[in-house]
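**Q** coords below, sequence missing:
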């Protein structure tokens, strides 16, 4: 269990800013809404923004001043945790640590866990706590050696046991729970493609759900590869309809207690994705009281 000592070191190091990231983050955060008070925040972009409701985190616990953020993302497989965690990582200047990537890197390495992981992934099962903690421990150790400060976790914790271990060794400031309608989730998972040469992630699904029975419509454009990758796309072996449905079912059963764990601590923000990146990214930033000046400049160009 090397993760205990390693996490402790990272947590201590994170309290001392080692770059301009902490200054940038302080500049970007807007004032929190004084009228919003709840043990958790549920943000529906279609209703909250249209009503003009302040998108505030209220009494949600924030990171101490002077150190980088320590956040985590929850959400079903395929919801887009990696996409939004990566964007926030770049915006805030902290490392994005995705347990899914850690697992895939171990699979590709032919290391001691490779064959065991291959069987688990192909069957659509979730990787055990012990394996995930071991892989995360190694990643944190590498980050410590490079002087990293803060983090955004993607895909961890996914069980209450993992959350308790994490809480015992380092502080999680905020947990962002991304939600997406099931029919859109399934289409996204089945449309995922990877370039076999560069490893880039793309999606060939064009999702167009019509509004009906009071539910709003939703459009998510495909994310096509560049021409040099178009002929090299492959499908992940676990992205079959049977495996995806099984994975979603397992996730929903196992992670509700994790949501409750962080909700009871006032650290959970639930965000319903209204569509693709162009629609969702600015609304997610507003829910988190952040601004992306580069994104605004690109939109105005």
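**A** That came in fine, so what should we check first? What you are looking at is a predicted structure, and each value in this text was computed from that prediction instead of being measured.

**Q** Flag every buried residue along stretch 255-275.
**A** 255, 258, 261-263, 265-275 (16 or more other Cβ atoms under 10 Å). Heads up, the C-betas are built off the backbone N, CA and C, glycines and all.

**Q** right, and out of these, which lies closest to residue 118?
**A** When the buried residues of stretch 255-275 are compared for distance to residue 118 (Cβ to Cβ), residue 255 comes out closest, at 23.6 Å.

**Q** give me the element that closest one is part of.
**A** Element membership of residue 255 [criterion: DSSP states H and E] is helix 241-263.

**Q** can you pull out the helices in the stretch 51-200 of the chain?
**A** Counting by DSSP state H, counting those that start in this stretch, the stretch 51-200 of the chain has helices at residues 81-92, 99-109, 114-122, 129-145, 160-169, 182-191.

**Q** show me what contacts residue 217?
**A** Residues counted as contacts of residue 217 (Cβ atoms under 8 Å, 6 or more residues apart in numbering) are 208-211.

**Q** what's the answer for residue 246, then?
**A** Neighbour list for residue 246: residue 124 [criterion: Cβ under 8 Å, 6+ apart].

**Q** Could you do residue 114 as well?
**A** Listed by Cβ under 8 Å, 6+ apart, the contact set of residue 114 reads 106-107.

**Q** now with 10 Å?
**A** Contact analysis of residue 114 by Cβ atoms under 10 Å, 6 or more residues apart in numbering lists 106-108.

**Q** that older thread, from the buried residues of stretch 255-275, pick the one nearest residue 147.
**A** Residue 147 has its nearest neighbour among the buried residues of stretch 255-275 in residue 267, at 26.5 Å by Cβ to Cβ.

**Q** which residues does residue 209 bridge with?
**A** As for beta bridges, residue 209 partners with residue 218 under DSSP bridges.

**Q** so it makes contact with residue 185?
**A** No. Taking contacts as Cβ atoms under 10 Å, residue 209 lies outside contact range of residue 185: 11.4 Å.

**Q** Between the two, point out the one with more neighbours.
**A** Each of residue 209 and residue 185 has its neighbours counted (other Cβ atoms under 10 Å); residue 185 has more, 22 against 16.

**Q** and the more buried one, what pLDDT?
**A** Turning to residue 185, the model gives it a pLDDT of 92.

**Q** Please report the distance of it from residue 105.
**A** To residue 105, residue 185 is 25 Å away according to Cβ to Cβ, to the nearest Å.

**Q** what do you get for residue 117?
**A** For residue 117, the distance to residue 105 equals 10 Å [Cβ to Cβ].

**Q** More neighbours: the two, which one.
**A** Neighbours per residue, other Cβ under 10 Å: of residue 117 and residue 105, the larger number sits with residue 117, 18 against 14.
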